[in-house]
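>>> Fold the following and give me the result.
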Amino acid sequence: MISQTLTFAKHRTPNSVRVAARWAMLETRNATSRLTLPVVERCDYDNVYHCTVRKTGSQWVKSLLSDPVVYRHSGLLLFDQRINRKRWPHAVPTSRVVSSLFISRDGFNAIPKPDKYRAFFVMRDPRDIIVSGYFSWRNSHTPMGDVLRHRKVLQETPKKEGLLYVVNHMAKSKLFASIKSWAVAPSVETVRLFRYEDLVGARQTDEVDQLLRHCGIVLPPAQLTALLDRHDFSRMRKKRREAGPTAHYRKGKAGDWLNHFDDDIYEAFAKATGNLVELCGYPSREEALRTRDAAE
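Next comes the predicted model:
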């Protein structure tokens, strides 16, 4: 009951109040970490940048990067640009993990950065992003920004038309263009691309270890296992379900788009995204259907 009450109140608190509260909580947490957690190993890089688009597990990745064990093995504190807008991007302190940046590759290249940094971009099958965005806007996302406007449209519209609405909006907001900008950018040592599906999949431990090592963060195997257990998706989902119907929760299963796209939706998606699926290395519609049919 308490969890449901807190979630209900959070979703009805003005955005400015939520931002101020998040800023106070973040500053308190960072100060506590500096005072109480000894750093056993310093990261070689001044800053780390977590770049992505929406609906790619950004809050989960952020929770990993801001865990105390990551601080102890890196000395990097969290910098959330959403709640530090007055300091972003020209006054980011050093020794920070900047997360999450919803930004194109050109946008990232343009921001000032220290000489020693690492960055990574988390992508996801854009078809699953559409489905996740649809259910999030329609049912569960905190009512901030233009969420309520989208929610009204989607709750008054049949699902097919709602999914077409989401495809159109994401195209207009350049979400697909942002993914493409990272997918086609020249490979450089400082930046690496990771897939959401790999970070939460069967080889999660190896994938997250590679992500952290790219950022100059090395966790002992037992501590990495404990970190992933603390932030286990199934536990997070259970907690959010218990918070009630306003909890921001979906299963996030890879390939879920197959259960929601018909020919018309896929045609609109293909028109909006071109060869994005191929560029990102995800299976075509035909390949995905063959794989599903073979498994049934």
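>>> So what's the predicted local confidence for the residue nearest the centre of the chain?
The chain has residue 58 as the residue nearest its centroid, 1.8 Å off, counting by Cα atoms, centre = their mean. At residue 58, the pLDDT value in this model is 95.
>>> what's the answer for residue 236, then?
On pLDDT, residue 236 comes in at 58.
>>> Next: residue 90.
The per-residue pLDDT reported for residue 90 equals 76.
>>> sec struct for it, please.
Of the three states, residue 90 takes coil according to DSSP: H, G, I helix; E, B strand; the rest coil.
>>> Helices of the stretch 51-200 of the chain, start to end?
58-65, 68-72, 105-110, 126-135, 147-155, 159-172, 175-183, 196-199 (DSSP state H, counting those that start in this stretch).
>>> Compute the number of surrounding residues for residue 212.
Taking other Cβ atoms under 10 Å as the criterion, the count of residues near residue 212 is 22. Backbone N, C-alpha and C define where each C-beta goes, glycine included.
>>> Please list all residues in contact with it.
By Cβ atoms under 8 Å, 6 or more residues apart in numbering, the contact set of residue 212 is 70, 218-219, 224.
>>> What are the buried residues along the host helix or strand of it?
Element membership of residue 212 [criterion: DSSP states H and E] is helix 204-214. Neighbour counts using 16 or more other Cβ atoms under 10 Å place 207-212, 214 of helix 204-214 among the buried residues.
>>> Which SSE is immediately downstream of it?
helix 221-230.
>>> Against which helices or strands is that following helix packed?
For helix 221-230, the elements it packs on are helix 68-72, helix 204-214, judged by 3 or more Cβ pairs under 8 Å, 6 or more residues apart in numbering; DSSP states H and E.
>>> and if we set it to 7 Å?
Counting contacts by 3 or more Cβ pairs under 7 Å, 6 or more residues apart in numbering; DSSP states H and E, helix 221-230 is packed against helix 204-214.
>>> what angle separates the helix it packs on from helix 221-230?
110 degrees (axes from the mean of the first three to the mean of the last three Cα atoms, to 10 degrees).
>>> As CSV, could you dump the C-alpha coordinates of helix 204-214?
Coordinates of each C-alpha in helix 204-214 appear next as CSV, following Å, rounded to 0.1, in the frame of the first residue of the first chain:
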residue,chain,number,x,y,z
GLN,A,204,24.6,-10.7,-19.8
THR,A,205,27.5,-11.1,-17.4
ASP,A,206,30.1,-11.1,-20.3
GLU,A,207,28.3,-8.2,-22.1
VAL,A,208,28.1,-6.0,-19.0
ASP,A,209,31.7,-6.8,-18.1
GLN,A,210,32.8,-5.7,-21.6
LEU,A,211,30.8,-2.5,-21.2
LEU,A,212,32.4,-1.7,-17.9
ARG,A,213,35.9,-2.6,-19.1
HIS,A,214,35.4,-0.3,-22.1
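>>> For that helix, what is the distance to the chain centroid?
Computed by Cα atoms, centre = their mean, to the nearest Å, the chain-centroid distance of helix 204-214 equals 16 Å.
>>> How many residues are close by residue 107?
Using other Cβ under 10 Å, residue 107 has 14 other residues around it.
>>> and if you look at residue 184?
Residues within reach of residue 184, counting by other Cβ under 10 Å, total 11.
>>> which residues sit in contact with it?
For residue 184, the contact set (Cβ atoms under 7 Å, 6 or more residues apart in numbering) comprises residue 279.
>>> Next, it: phi, psi?
Per-residue torsions, residue 184: phi -100, psi 0 (degrees, to the nearest 10).
>>> And residue 258, how far from residue 291?
9 Å (Cβ to Cβ, to the nearest Å).
>>> and what of residue 284?
For residue 284, the distance to residue 291 (Cβ to Cβ) stands at 11 Å.
>>> Looking at those two, which has the bigger crowd around it?
residue 291 (13 against 10).
>>> which SSE is the more buried one in?
In this assignment (DSSP H and E), residue 291 forms part of helix 285-295.
>>> From the chain's centroid, how far away is that helix?
With Cα atoms, centre = their mean, you get 27 Å for helix 285-295.
>>> Counting neighbours, which bits of it end up buried?
Buried residues in helix 285-295 (16+ other Cβ under 10 Å): 285, 288.
>>> relative to helix 126-135, how tilted is that helix?
Here helix 285-295 points in a direction 80 degrees away from that of helix 126-135 (the same axes, to 10 degrees).
>>> Tell me which residues touch the residue nearest to residue 49 when sequence neighbours are not counted, please.
Closest residue to residue 49 apart from its sequence neighbours, by Cβ to Cβ, 6 or more residues apart in numbering: residue 119 at 3.9 Å. When contacts are counted by Cβ under 7 Å, 6+ apart, residue 119 touches 49, 51, 108, 190-191.
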